[in-house]
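> Sequence and predicted structure are below.
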Amino acid sequence: VSEKRAIVVGASSGIGAALVERLVEQGWTVAAVARREDRLRSTAEKHSGKVLPFPHDVTNYAEAPRLFQEITKQLGGLDMIIYASGAMPPVDLEEYDFDKDRQMIEVNVLGAIAWLNQAAMRFGAAGHGTIVGIGSVAGDRGRRGQPVYNASKACLATYLEALRNRLARKGVTVVTVKPGPVKTEMTQHLALNRALTAEQAADLILKKASRSGEHYLALPHRVIFAVIRLLPSWIMRRLKL
Ligand SMILES: NC(=O)c1ccc[n+]([C@@H]2O[C@H](COP(=O)([O-])OP(=O)(O)OC[C@H]3O[C@@H](n4cnc5c(N)ncnc54)[C@H](OP(=O)(O)O)[C@@H]3O)[C@@H](O)[C@H]2O)c1
């Protein structure tokens, strides 16, 4: 493709910000969407004309359709959208905080649906395009530590599976990536084992983005999570996973 135009939602830090950098290196023009306008603007200044900043809160659902149209107009088309916005506030084992839970569902699920529905309509009509959602290995099972984060990523993966099944015959690629631990602001309070850098994650995600389906980023994860997905719940409880 000569023209490569992408939207990255959640472009202001971590994996999304690294994706923007990689896409620009690979010749893409990128619309960068997130709340922190200062960060988007400094990326846009660094890559003059190649990164267009669009400050937006994904929980402002009513704004998504109009902003999506505005962005595709400014880019002169659209070839790929990556939804990377996500929230995972720290949650204690005894904590049931509805405000945190709502934030995770709003950012990880409803914001994704608001944006990716727009892309699905456009790409479906055009018979072309790639939709990438960032799920997580954490969405494969319900675990003690993060009930609603787990549920939000499971919901995202199921929604994307359905989009894939709707859009495959129209020539649209729909990709769910399921990273394991990545060192970002989201995980800075955690002691992570064998975590990727955001740049490593971005490279792997872009490699996976050419093929419809669900992808883990590491081969061992494919094997380990195939087993974890099959474990009976009573074993999950015993293992305290
Ligand atoms: N880090 C990991 O270990 C890991 C593992 C698996 C999957 N993931 C997923 O990877 C994605 C990126 O996370 P990250 O690790 O790179 O964390 P991060 O650095 O905290 O990035 C989160 C991004 O989401 C955006 N965001 C949050 N709330 C938003 C809102 N209301 N409106 C618009 N954008 C919003 C943030 O932008 P603003 O705050 O500027 O709005 C930021 O750009 C998330 O979906 C996360 O669940 C992460």
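Arrived safely, thanks for sending.
> List the contacts of the residue nearest to K183 when sequence neighbours are not counted.
Excluding its sequence neighbours, the residue lying closest to K183 (C-beta to C-beta, 6 or more residues apart in numbering) is A195, at 4.8 Å. To be clear about C-beta, it is placed using only N, CA and C from the backbone, and glycine gets the same treatment. A195 is in contact with G180, P181, V182, K183, T187, counting by C-beta atoms under 8 Å, 6 or more residues apart in numbering.
> Could you give the number of residues near the last one?
Neighbours of T187 under the rule other C-beta atoms under 10 Å: 14.
> Now do the residue lying closest to it once chain neighbours are set aside against the ligand, distance only.
Using C-beta to C-beta, 6+ apart and skipping residues adjacent in sequence, the residue nearest T187 is P181, 6.4 Å away. Using C-beta to the nearest ligand atom, to the nearest Å, P181 is found at 4 Å from the ligand.
> Quick one, grab the pLDDT at P181.
Model confidence at P181, given as pLDDT, is 96.
> how near is it to A202?
Distance, P181 to A202, by C-beta to C-beta, to the nearest Å: 15 Å.
> Of the two, which one has the most company?
A202 (26 against 17).
> tell me the contacts of the more buried one?
I15, A18, L19, E21, R22.
> The last one: neighbouring residues, count only.
To tie it back to what came earlier, the one meant is R22. When neighbours are counted by other C-beta under 10 Å, R22 registers 16.
> who in this protein is up against the ligand?
10-16, 34-36, 57-59, 84-88, 107, 134, 136, 179, 181-182, 184-187, 198 (C-beta under 6 Å from any ligand atom).
> Can you turn the buried part of these into a PyMOL selection?
Restricted to buried positions by 16 or more other C-beta atoms under 10 Å, the PyMOL selection for those reads:
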select buried, resi 10+11+12+13+14+15+16+34+58+59+84+85+86+87+88+107+134+136+179+181+182+184+186+198
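> ok so, going back, out of the contacts of A202, which are inside helices?
I15, A18, L19, E21, R22 (DSSP state H).
> of the residues you listed, closest to the ligand?
Distances from the ligand to the ones in helices among the contacts of A202, taken as C-beta to the nearest ligand atom, are shortest for I15 (3.7 Å).
> Distance check, that closest one against T29.
Counting by C-beta to C-beta - I15 and T29 are separated by 20 Å.
> where do the helices sit along this protein?
Under DSSP H, the chain gives helices at 14-25, 37-46, 64-75, 98-105, 111-126, 147-167, 198-208, 219-230, 233-239.
> Among those, which comes closest to D140?
helix 219-230 (5.3 Å; C-beta to C-beta).
> Could you check how far the closest one is from the centre of its chain?
20 Å (C-alpha atoms, centre = their mean, to the nearest Å).
> ditto for stretch 62-79
18 Å.
> tell me the average confidence for that stretch?
Per-residue scores along stretch 62-79 average to 98.
> I am finished for the moment; much appreciated.
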